[in-house]
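Engineer: All I have is the shape, not the residue letters:
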């Protein structure tokens, strides 16, 4: 007797989330009817959407034009209306029906909450699952203003909150989780270079080719973060310029953060990647960076080396070298690094005490090459 397939919707806002969604479909959900919704919150998202549709991996592919939404700029009355009336958001989403058995998501934002509200009206038994988005997912659960409003309204209307509806949390390393939640943590199959099916599908969606890698043929790679686009005053530009003085501009490339729409480094003669729409995990999956040096303030991208590909690459974490501490660097951040070290080994990672200490170490490394 053939069992009924579940109807599942996966909401995706970033390209790493898309990578996880592909992994979910190819492994955990391969026998289910799976639809995917990609929002326009990542660079070049419409192009990636059409590439995704061509793969025929998901039953339906939907697109959400919701980049106009900014929770920071809207007052609580507007947020409340959007939570109460999900069609204010859903009119910008081309989903044709909301008869789902499961909803998979990462961001607890207005898009997810609006869709969950709509599905719940159709199916009170909807099961909700969260999935990880990099190392930040392991540290703490950010409670956005939108979610707080949703929780209040849910209480008043006797409806369950998104946390109460969430049953499972899918992640690559459940044993590293620091969240104090009563979810059931389930392990995702690791991303691996040996999985040719996954590699081919991911490469086709993001149009990876050797030209995508050539720009990274510099020994030193600095990973920019989202501080600038979020209006946070961390002097990462000055840090990059100091690095360039020591290693030489010709030997350095800045990997731009996909949400930063302004290239601040180009006018200083610093090389940056032009393949912003290709996730770093795809670049690294296809190439050997064992002879490179990675530098970042607190970007989780540098941890992909150990977590997913078991690569040992010299890496500098520079959160002690800026005028303000990255808000990612919390007590849980250090606990997480300690747990990663115990499980995978981080002997190739260096954490300078301050800018002076870092520049001394970097100069010593350059002198050692000569």
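Structural biologist: Here it is on my side, so go on. Values in this document were obtained by computation on a predicted structure and should not be read as measured data.
Engineer: Run through the strands of the stretch 201-350 of the chain in chain order.
Structural biologist: Secondary structure of the stretch 201-350 of the chain (DSSP state E, counting those that start in this stretch): strands located at 220-223, 252-255, 271-272, 293-296, 314-317, 349-350.
Engineer: Okay, now the sheet partners of the fifth one, with direction.
Structural biologist: The reference is to strand 314-317. Applying DSSP bridges to the sheet, strand 314-317 is found paired with strand 293-296 (parallel), strand 349-350 (parallel).
Engineer: winner for burial among these?
Structural biologist: Between those, strand 293-296 has the highest mean count of neighbours, a mean of 24, where neighbours are mean count of other Cβ atoms under 10 Å. For every residue, glycine as well, the C-beta is placed using N, CA and C.
Engineer: Please compute how far that strand lies from its chain's middle.
Structural biologist: 18 Å (Cα atoms, centre = their mean, to the nearest Å).
Engineer: Can you give the contact residues for that strand?
Structural biologist: Contacting residues not belonging to strand 293-296 are listed as 219-223, 225, 243, 302, 305, 313-318, 365 [Cβ atoms under 8 Å, 6 or more residues apart in numbering].
Engineer: my guess is residue 5 contacts residue 33, does it?
Structural biologist: Yes. Look at residue 5 against residue 33 with Cβ atoms under 8 Å: they come within range, at 4.9 Å.
Engineer: Which of those two has more residues huddled nearby?
Structural biologist: For the pair residue 5 and residue 33, the greater number of neighbours falls to residue 33 (16 against 13), based on other Cβ atoms under 10 Å.
Engineer: In the stretch 251-370 of the chain, mark out all the helices, start to finish.
Structural biologist: All helices of the stretch 251-370 of the chain, identified by DSSP state H, counting those that start in this stretch, fall at 280-285, 304-307, 331-344, 355-369.
Engineer: okay, those helices in TSV with distance to residue 214, mean pLDDT and mean neighbour count next?
Structural biologist: Written out in TSV, the entries for the helices of the stretch 251-370 of the chain read as follows (distance: least, Cβ to Cβ, whole Å; pLDDT from 0 to 100; neighbours: other Cβ atoms under 10 Å):
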stretch	distance to residue 214	mean pLDDT	mean neighbour count
helix 280-285	11	92	21
helix 304-307	20	86	21
helix 331-344	29	93	15
helix 355-369	22	88	13
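Engineer: Can you redo the ones you listed as TSV, where the extra columns are distance to residue 199?
Structural biologist: Putting the helices of the stretch 251-370 of the chain into TSV (distance: least, Cβ to Cβ, whole Å) gives the following:
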stretch	distance to residue 199
helix 280-285	7
helix 304-307	15
helix 331-344	22
helix 355-369	33
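Engineer: Which one of these lies nearest to residue 191?
Structural biologist: Each of those was scored for nearness to residue 191 using Cβ to Cβ, and the closest is helix 280-285 (6.7 Å).
Engineer: elements contacting that closest one?
Structural biologist: Using 3 or more Cβ pairs under 8 Å, 6 or more residues apart in numbering; DSSP states H and E as the contact test, the elements touching helix 280-285 are helix 15-26, helix 196-205, helix 304-307.
Engineer: what's the last one packed up against?
Structural biologist: I take that to be helix 304-307. With contacts defined as 3+ Cβ pairs under 8 Å, 6+ apart, the secondary structure elements packing on helix 304-307 are helix 280-285, helix 331-344.
Engineer: For residue 258, give its distance to residue 308.
Structural biologist: The spacing between residue 258 and residue 308, counted by Cβ to Cβ, to the nearest Å, is 18 Å.
Engineer: Pick out whichever of these two has more residues nearby.
Structural biologist: Comparing residue 258 with residue 308 by neighbour count (other Cβ under 10 Å), the higher total belongs to residue 258, at 22 against 18.
Engineer: isn't that one right up against residue 275?
Structural biologist: No. Applying Cβ under 8 Å, one finds residue 258 not in contact with residue 275, separated by 10.3 Å.
Engineer: Quickly list what's touching both of those two.
Structural biologist: Listed contacts common to residue 258 and residue 275 are nil; contacts here mean Cβ under 8 Å, 6+ apart.
Engineer: In the contacts of strand 293-296, which residue is surrounded by the most others?
Structural biologist: In terms of neighbour count, residue 222 stands highest of these at 27 neighbours, by other Cβ under 10 Å.
Engineer: what residues are up against that one?
Structural biologist: Shown here is residue 222, whose contacts under the criterion Cβ under 8 Å, 6+ apart are 240, 243, 252-255, 295-296.
Engineer: Identify the residue with the minimum pLDDT among the residues you listed.
Structural biologist: Across those, the bottom pLDDT score, 93, is held by residue 255.
Engineer: Counting neighbours, what do you get for that residue?
Structural biologist: Residue 255 has 21 neighbours, counted by other Cβ under 10 Å.
Engineer: and it, what is it in contact with?
Structural biologist: Taking Cβ under 8 Å, 6+ apart as the definition of contact, the neighbours of residue 255 are 216, 221-224, 272-273, 280, 301.
Engineer: Distance to residue 93 for these - can I get that in JSON lines?
Structural biologist: Below are these laid out as JSON lines (distance: Cβ to Cβ, whole Å):
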{"residue": "216", "distance to residue 93": "35"}
{"residue": "221", "distance to residue 93": "36"}
{"residue": "222", "distance to residue 93": "36"}
{"residue": "223", "distance to residue 93": "32"}
{"residue": "224", "distance to residue 93": "30"}
{"residue": "272", "distance to residue 93": "33"}
{"residue": "273", "distance to residue 93": "31"}
{"residue": "280", "distance to residue 93": "28"}
{"residue": "301", "distance to residue 93": "29"}
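Engineer: Residue 124 is nearest to which of the helices and strands packed on helix 280-285?
Structural biologist: With Cβ to Cβ as the yardstick, what comes closest out of the helices and strands packed on helix 280-285 is helix 15-26 (24.2 Å).
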